[in-house]
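*Asks:* sequence first, predicted model second:
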Amino acid sequence: MATPHNRAEKGDFAPTVLMPGDPLRAKFIAENFLESPRLVTDVRNMLGYTGTYHGTPVSVMGAGMGMPSIGIYSHELYSFYGVEKIIRVGSAGSISEDCKVHDIVLAEGACTNSAFASQFRLGGTFAPIADFGLLHDAYDNAQTAGLQVKVGNVLSSDTFYSDDEHANNGWIRMGVLCVEMEAAALYMEAARLRKKALAILTISDEILTGVELDSKARETSFTDMMELALSLV
C-alpha cells in the first residue's frame, strides 16, 4: 500500500486526518493531543501519526507548502488509505480588518490564483467549497466552546513572494478574509473523490498592518484551532 510519498500500510491511517502544513506541527499535535500516537510515515520528513482522541482513532500528517504538495498527500490519503475526512489546520495572513492575529477562520470557500483546476477540464471556473456538515459542526462547536470564529472566503495563493505589490487588492475588494496556500487544492481533491474536507485557519500575520507571529509560535500556539478540529473527529 505504500506510495512514493508515504510508507504507511493499509489501516495505518484513521478515517479522519488533521493536516497542518508543517510536519513539526503534526508532531506537536500528536504528542500533545493524541493518546498513544505512533509514527506511521516519515518519507521526506513529512511526519504522519495515528492515535486516539478521547478513544476515537484519528491521524495527523503534514501537508507541506502549496497546492501541489497538499494535492499529492490528500489524493493519496483519500484514494489509497481509505481516509474520509481531511481537516486542514493551518496558518493564514489576514487581508481583512476584521481578522486579527490568533483569530480562527473557517474557510467556507477557497478562491485561488492557481491553475490547479485545469486538470479537470471544466468548461468554466470551479468554486472550491468546504463540506457543509464539517463547516456546520465546526461553527456550532466553536460557539459552544466560546471561540469567536470568522466564516467566509479565503484565497489559496500559488505565490508567497509576489512580484505584484497590488496582488491582494482585488481580493480585498471582494471581501476575502485571508491568504493561505492549500485549501483550494484540498477542496478540489475532496470534490473529485467524493470525500469531505474543511480548512480551519489561524491568523498568523496581518498583511495590512505588519503584525505577525514568529515561526515557533506558529508551530505550537494554535491550540484552540487544534482542539476545534479534533472536536470534529
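*Replies:* Structure received.
*Asks:* contact partners for the residue nearest the centre of the chain?
*Replies:* Nearest to the geometric centre of the chain sits Arg88, at 2.1 Å (CA atoms, centre = their mean). Arg88 makes contact with 18-20, 63, 70, 107, 182-183, 186, 197-201, according to CB atoms under 8 Å, 6 or more residues apart in numbering. Using the backbone N, CA and C atoms, a C-beta is placed for each residue, glycine as well.
*Asks:* which among those residues gets closest to Ala130?
*Replies:* Closest to Ala130 out of the contacts of Arg88 is Leu198 (4.7 Å), distances taken as CB to CB.
*Asks:* and Leu228, its phi and psi?
*Replies:* For Leu228, the backbone dihedrals are phi -60, psi -40 (criterion: degrees, to the nearest 10).
*Asks:* ok, back up a step: show the buried residues in the contacts of Arg88.
*Replies:* Buried members of the contacts of Arg88, scored by 16 or more other CB atoms under 10 Å, are 18-20, 63, 70, 107, 182-183, 186, 197-201.
*Asks:* ok so, going back, next secondary structure element downstream of the host helix or strand of the residue nearest to the centre of the chain?
*Replies:* Assigned by DSSP states H and E, Arg88 belongs to strand 85-94. The element immediately downstream of strand 85-94 (helix or strand, assigned by DSSP H and E) is strand 104-112.
*Asks:* for the helix or strand harbouring Pro68, give the mean pLDDT please.
*Replies:* Assessed by DSSP H and E, Pro68 sits inside helix 67-80. In this model, helix 67-80 carries a mean pLDDT of 98.
*Asks:* packing partners of that helix?
*Replies:* strand 16-19, strand 85-94, helix 183-193 (3 or more CB pairs under 8 Å, 6 or more residues apart in numbering; DSSP states H and E).
*Asks:* could the ones you listed be laid out in JSON lines, adding mean pLDDT?
*Replies:* Shown next, in JSON lines, are the helices and strands packed on helix 67-80 (pLDDT from 0 to 100):
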{"stretch": "strand 16-19", "mean pLDDT": "98"}
{"stretch": "strand 85-94", "mean pLDDT": "97"}
{"stretch": "helix 183-193", "mean pLDDT": "98"}
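*Asks:* which one of these lies closest to Leu213?
*Replies:* Judging these by CB to CB, what sits closest to Leu213 is strand 85-94, at 8.0 Å.
*Asks:* any chance of the helices and strands packed on helix 67-80 in a markdown table, plus distance to Tyr139?
*Replies:* Formatted as a markdown table, the helices and strands packed on helix 67-80 follow (distance: least, CB to CB, whole Å):
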| stretch | distance to Tyr139 |
| --- | --- |
| strand 16-19 | 18 |
| strand 85-94 | 14 |
| helix 183-193 | 16 |
